[in-house]
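>>> task: produce atomic coordinates for the following.
(one chain, ligands or ions: 2)
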Amino acid sequence: MQPSVALHHRTIRLGSRVVLDDVTFAVAPGALVALCGPNGAGKTTLLRALAGLLPGCARPDPRHVAYVPQGAHAAWGLTVAQVVALGRIPHADAAAAPVERAMETCGIAALRDARIDRISGGQARRAMLARAFATEADVLLLDEPTADLDPAAAHDVMCLLRRTAEDGRAVVAVSHAIDLAIGYAHRVVVLAGGRILADVAPDQALDAAAAAFGMRVGIDPAPRLLPY
Ligand SMILES: Nc1ncnc2c1ncn2[C@@H]1O[C@H](COP(=O)(O)OP(=O)(O)OP(=O)(O)O)[C@@H](O)[C@H]1O
Ligand SMILES: [Mg+2]
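Residues are numbered from 1 along each chain as shown. Ligands and ions are numbered 1, 2, ... in the order given. Next up is the predicted model:
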């Protein structure tokens, strides 16, 4: 099967810096890929390249590829439902059903009439995710979709992303929560210094992540919150 979005030996320079260095990356339908790595590693740049938002990168059809940026906070005086409906713009229709479904799926239907600039950070994050779901795109490129979310909500969203992938879509999610990445993704890609350090099954990701972060792998017997 052809990958839905891909880069083949791409090097990306921003200003005078090489930000992605000979990167080959692809995600196919059915997979949730977690993209991990230190601050400044190039994760956002990789998503922007896949979304066709950087010079020289092919721009995919926005009906097929939805992108949610890292700092996607809206300060507009729009309701949650209006923001989610923006996801229908590429389709040039006003179909209500995908918007309703997306709000239900992302757990924000009760907030439909709330103004986007008057809800919490975590609620706004879910609204932005719902906007991407409303596009019904085959490929979701999500930059830190669990940032701002409480621990239970973060598990909930990762579970949703895995289900979404297993329903036949391709999902790439940047995450600093390595436990969530390992727990939910089908594949973990570790970036460091603009290069792909590892592209591995989740059970092999911890060593690569430790190397990228300059940390060690250990067993912590302290109690912690786990999903039911
Ligand atoms: N427009 C730009 N011009 C020049 N350099 C840039 C530009 N955007 C990003 N960079 C640099 O590229 C590198 C990678 O940035 P990127 O935003 O992709 O990192 P990241 O892995 O997403 O980090 P974070 O975890 O902090 O979000 C950084 O060193 C950053 O300073
Ligand atoms: Mg980033």
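
>>> where exactly do the strands run in this structure?
5-14, 17-27, 32-36, 65-68, 139-142, 170-174, 187-192, 195-200 (DSSP state E).

>>> dump the ones you listed into TSV; add mean neighbour count as well.
For every residue, glycine as well, the C-beta is placed using N, CA and C. Shown next, in TSV, are these (neighbours: other CB atoms under 10 Å):
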stretch	mean neighbour count
strand 5-14	15
strand 17-27	17
strand 32-36	26
strand 65-68	23
strand 139-142	25
strand 170-174	27
strand 187-192	24
strand 195-200	18
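
>>> for stretch 118-131, give the mean pLDDT please.
If you average the pLDDT over stretch 118-131, you get 96.

>>> need the contact list for Tyr225.
No, residue 225 isn't Tyr; it's Leu. Pro151, Ala152 (CB atoms under 8 Å, 6 or more residues apart in numbering).

>>> try 10 Å this time
Residues near Leu225 by CB atoms under 10 Å, 6 or more residues apart in numbering: Asp150, Pro151, Ala152, His155.

>>> among these, which are located in helices?
Pro151, Ala152, His155 (DSSP state H).

>>> top of those residues by number of neighbours, please.
His155 (21 neighbours; other CB atoms under 10 Å).

>>> how close does that residue sit to Tyr228?
9 Å (CB to CB, to the nearest Å).

>>> ok, now Leu142?
Leu142 is 24 Å from Tyr228, by CB to CB.

>>> kindly report the same for Arg187.
Where Tyr228 is concerned, Arg187 sits at a distance of 25 Å (CB to CB).

>>> just curious, which of the ones in helices among the contacts of Leu225 is nearest to ligand 1?
Checking these against ligand 1 by CB to the nearest ligand atom gives Pro151 as the nearest, at 19.7 Å.

>>> picking that back up, would TSV of the strands of the chain with mean pLDDT be doable?
Converted to TSV, those look like this (pLDDT from 0 to 100):
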stretch	mean pLDDT
strand 5-14	94
strand 17-27	96
strand 32-36	98
strand 65-68	96
strand 139-142	98
strand 170-174	98
strand 187-192	98
strand 195-200	97
